[in-house]
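A.B. asks: with the input below, show me the fold.
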Amino acid sequence: MRKTGKCHGNMLSAMITDKDKVKKLFNRFKTIGKHLSKPIQFEIKPWYRWHYSKVINAASEMLTFYIPVEIKQKIETAIGKELNSGDRLLLEVNKSYFLIVKLSKHDSSFNFTIARQKAKKYKIKKSVATKFRLFKVAKYEEIVNKIIDEYKKGKSVPTLELNYPFGETYIRKILIKNGINVRSLSEQQTIKHHGHLPHIKDGLSEGKLKIIFAILGDNVGNIKSKGYGIGIVGELDFIKAFADEFEKEYGIRPSIRKEKNHEAFKAILGNKNIFNDLRQYAIFGSHEWKLLENAYRYIEKMDVVKLGKAVAYFWEAEGCAVVENKMIEATSVNYNGLLQIQKIMNILGIKTSITGPNYAASSNGLYTIRVSGLENIKTFGEKVNFVTQRKRKEIKKLLTSYKRFVKIHTFEEYKKAFELKKKKFTLKEISSILNISPRTLKTWFYEGVKPNHPNLQSYHSSSKALHQHKSLPASCP
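C.D. replies: Model prediction:
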C-alpha cells in the first residue's frame, strides 16, 4: 500500500479492528453501488497460479477465487442487476480484514484474485478454504460514469479516489481512455479556488501586455521554482487595476492581500497554463527581465494609444514623478531591459535618457530611465501617464511647476517705479526696492507696456518724454 501521509492512495483494504480505515472503505461505495441488507456468506478454496504482470514487468504468485454459480445468482438477486467484468465487491475476509476486489469474467461465472504476499497478510492459505462475507457491490459502468461526471465538474483525482472503489492510477487511466485530459496540480488548485479553469486565448493582446509590463516592473511570482506564481506588489489602487485586467483576460481573479509589516498589497495567482502563456512573450525576473521578439512584432503594429496605456503599467510599477527635479524616472539593475522600454517610448514620440550604473544606490548597480523637459512630460501625460490617481496627480504637479506665475502690479507700484527711475536709481535697485522683476520693469520703461489699470492712462501720458528715451540693451542691469 502506497504511503501518502493521507488515507487516500490505493487504500483498498483495512483491518477489521481499524474503525477509521474501515469507515473510509465503506465510504468508497457511498455514492455508488448497492449495500446488501444482509451480507452474503460463502467459502472458497483458492486456485494457485503464476501471473505475469506488465505493470511490474515480473511474474508473481496469485490466488484466484472462483465464485460459485449459486453465489453469483444470490448477488444478482440482491442487487437486481447482472454482474459484469470490472464490478467491485467489498468483502470481509476471515473476520479479520475488509477488502475491495475486482471481478473478472470466467465462462458462466466470475473470479477475483489476490497476490500471494497480500494473501498471507489476510491470513489466506492456498490449500484452505477462505471465509468471505459480501457487504457492497458497485457496477463498473456506473462508477466510470460518475467519476467522469464529477471530474468534469472540478473534483480532483485524490478526492474521487476517496469516494469510489478505484485506485488513483486506475482513475487516471479511465479519464485518459475516455479522452479527458488529466489536470495538473496547479489547474486543480485553480478550480478549487476559482471554480473553473482560466480562459486562455491564442496570441498577445493589450490586456496581456499590461499584465506583462506590470510584472516586468515588479514581479513577485515564482521565477525559478515550479510554483508558476504570477503577481505584483504595490499600492492598493494599482493592485486592483492589475487584478481587473487579469480577470478580463483570463476569467479568473488573483487573490489580493496586504503585505506583512508593509503598507503595500500583493496580487498573486499560481497557474501553469497562464504562466506558460505569458512566458511566450517575455522573460520575468529581478535582473534579466525582457520582452521577446514576438512581443516586439506585436508592439510595432499596435495602435499607439493602446500601447501607451499598456506601457503605463511598467511606469506605475517601477516609476515615479520627481517634482523637485522636474522629471519622471524609473530604476532597475537591468540596463538592457530599460533599453527596451526606451525603444517603446521612442515609438510613442517620447524622448528618454538612461544613466548609470549607480553603485551607491545598489551593489548591483542601478540604472535610471528618465523623461524630462516640458514637452516630453506633456506627451508622457497625454500618451502614457500612470495608472493610479496618486501618481497621476504627481504628473499634474510636475507640469504646474513649469508654469510662470505673473504678478499683478498696482498703480502705486507703477508710479513709484517711474519716480525712482527719474531719481536715477538703477534697474537692479528699483527691482530690489519694489520687489518687481527686472523684466517687468524693462517692459514698463522701454517697451511702453503698462499694467491693466484704469487710472494709469493719464499718468502714462504725462510721462511720455520718459518713454521716448533711447532703450537700453536687454542685458543691461
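
A.B. asks: from now on I want contacts and neighbour counts done on CA atoms only, so please keep to that.
C.D. replies: Noted.

A.B. asks: which ones are touching Ser372?
C.D. replies: With contact taken as CA atoms under 8 Å, 6 or more residues apart in numbering, Ser372 is in contact with Lys326, Met327, Ile328, Thr352.

A.B. asks: quick one, phi/psi of it?
C.D. replies: Main-chain dihedrals, Ser372, degrees, to the nearest 10: phi -140, psi 170.

A.B. asks: least confident of the contacts of Ser372?
C.D. replies: The pLDDT minimum for these sits at Lys326, where the score is 88.

A.B. asks: thought it was touching Lys396?
C.D. replies: No - contact criterion CA atoms under 8 Å: Lys326 and Lys396 do not qualify, at 11.2 Å.

A.B. asks: contact partners of stretch 138-147?
C.D. replies: Here stretch 138-147 makes contact (CA under 8 Å, 6+ apart) with 29, 32-34, 83-89, 160, 164, 171, 174.

A.B. asks: which one among those gets closest to Met11?
C.D. replies: Tyr164 (11.0 Å; CA to CA).

A.B. asks: the closest one touches Arg28, doesn't it?
C.D. replies: Yes - Tyr164 is in contact with Arg28 according to CA under 8 Å; the separation is 4.2 Å.

A.B. asks: with neighbour numbers in mind, choose between these two.
C.D. replies: Tyr164 (25 against 21; other CA atoms under 10 Å).

A.B. asks: separation between that one and Phe110?
C.D. replies: Per CA to CA, to the nearest Å, Tyr164 is found 21 Å from Phe110.

A.B. asks: number of residues surrounding His194?
C.D. replies: Close neighbours of His194, defined as other CA under 10 Å, add up to 15.

A.B. asks: surely it touches Ile252?
C.D. replies: Yes - counting by CA under 8 Å, His194 touches Ile252, with 6.5 Å between them.

A.B. asks: for Gln389, the count of nearby residues, please.
C.D. replies: Other residues near Gln389 come to 12 when the count uses other CA under 10 Å.

A.B. asks: phi, psi of Leu197?
C.D. replies: Per-residue torsions, Leu197: phi -80, psi 160 (degrees, to the nearest 10).

A.B. asks: where does the protein dip in pLDDT?
C.D. replies: For the chain, applying pLDDT under 70 flags the ranges 1-10, 51-60, 195, 221-227, 403-407, 447-448, 452-477.

A.B. asks: for Gly231, which non-adjacent residue is closest in space?
C.D. replies: Nearest residue to Gly231 in three dimensions, chain neighbours excluded: Ile268, at 4.0 Å (CA to CA, 6 or more residues apart in numbering).

A.B. asks: and the strand or helix carrying the one you found, what does it pack onto?
C.D. replies: Ile268 belongs to strand 265-270 when elements are defined using DSSP states H and E. Strand 265-270 is packed against strand 229-234, helix 236-250, strand 255-258, with contacts defined by 3 or more CA pairs under 8 Å, 6 or more residues apart in numbering; DSSP states H and E.

A.B. asks: buried deepest among these, which one?
C.D. replies: Comparing the helices and strands packed on strand 265-270 by mean neighbour count (mean count of other CA atoms under 10 Å), strand 229-234 comes out on top with a mean of 22.

A.B. asks: now do it: distance to the chain's middle.
C.D. replies: Remark: strand 229-234 is offset 7 Å from the chain centroid, using CA atoms, centre = their mean, to the nearest Å.

A.B. asks: compute the inter-axis angle for that strand and helix 236-250.
C.D. replies: 150 degrees (axes from the mean of the first three to the mean of the last three CA atoms, to 10 degrees).

A.B. asks: what about dumping the CA coordinates of strand 229-234 to CSV?
C.D. replies: Backbone C-alpha positions of strand 229-234 (Å, rounded to 0.1, in the frame of the first residue of the first chain) are rendered in CSV as follows:
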residue,chain,number,x,y,z
GLY,A,229,3.3,32.1,-9.5
ILE,A,230,2.3,35.3,-11.2
GLY,A,231,1.9,38.6,-9.3
ILE,A,232,2.9,42.1,-8.4
VAL,A,233,3.2,44.2,-5.2
GLY,A,234,2.2,47.8,-4.9
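
A.B. asks: what is the orientation angle of it with strand 265-270?
C.D. replies: Angle, strand 229-234 to strand 265-270, by the same axes, to 10 degrees: 170 degrees.

A.B. asks: which strands or helices does strand 229-234 pack on?
C.D. replies: Using 3+ CA pairs under 8 Å, 6+ apart, the elements in contact with strand 229-234 are helix 206-218, strand 265-270.

A.B. asks: which among these is found nearest to Asp20?
C.D. replies: Across these, Asp20 has its closest neighbour in strand 265-270 (34.4 Å, CA to CA).

A.B. asks: what comes into contact with the closest one?
C.D. replies: With CA under 8 Å, 6+ apart as the contact definition, strand 265-270 has outside contacts at 186, 190, 220-221, 227-236, 239, 242-243, 253-259.

A.B. asks: now render the helices and strands packed on strand 265-270 as a markdown table, adding distance to Asn334.
C.D. replies: Output for the helices and strands packed on strand 265-270, formatted as a markdown table (distance: least, CA to CA, whole Å):
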| stretch | distance to Asn334 |
| --- | --- |
| strand 229-234 | 18 |
| helix 236-250 | 23 |
| strand 255-258 | 28 |
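
A.B. asks: figure out which of those is closest to Glu206.
C.D. replies: helix 236-250 (9.2 Å).

A.B. asks: which elements pack onto that closest one?
C.D. replies: Checking 3+ CA pairs under 8 Å, 6+ apart, helix 236-250 ends up next to helix 206-218, strand 265-270.

A.B. asks: about what we covered before: tell me which of the helices and strands packed on strand 229-234 sits nearest to Arg116.
C.D. replies: Once the helices and strands packed on strand 229-234 are compared by CA to CA, strand 265-270 is nearest, at 45.1 Å.

A.B. asks: could you check how far that closest one is from the centre of its chain?
C.D. replies: Worked out by CA atoms, centre = their mean, strand 265-270 lies 6 Å from the chain centre.

A.B. asks: just checking, what packs against the following helix or strand past that strand?
C.D. replies: Later in the chain than strand 265-270, the nearest helix or strand by DSSP H and E is helix 272-278. Judged by 3+ CA pairs under 8 Å, 6+ apart, the packing partners of helix 272-278 are helix 185-194.

A.B. asks: quick check: buried residues in the helix it packs on?
C.D. replies: Ser186, Glu187, Gln188, Gln189, Thr190, Ile191 (16 or more other CA atoms under 10 Å).
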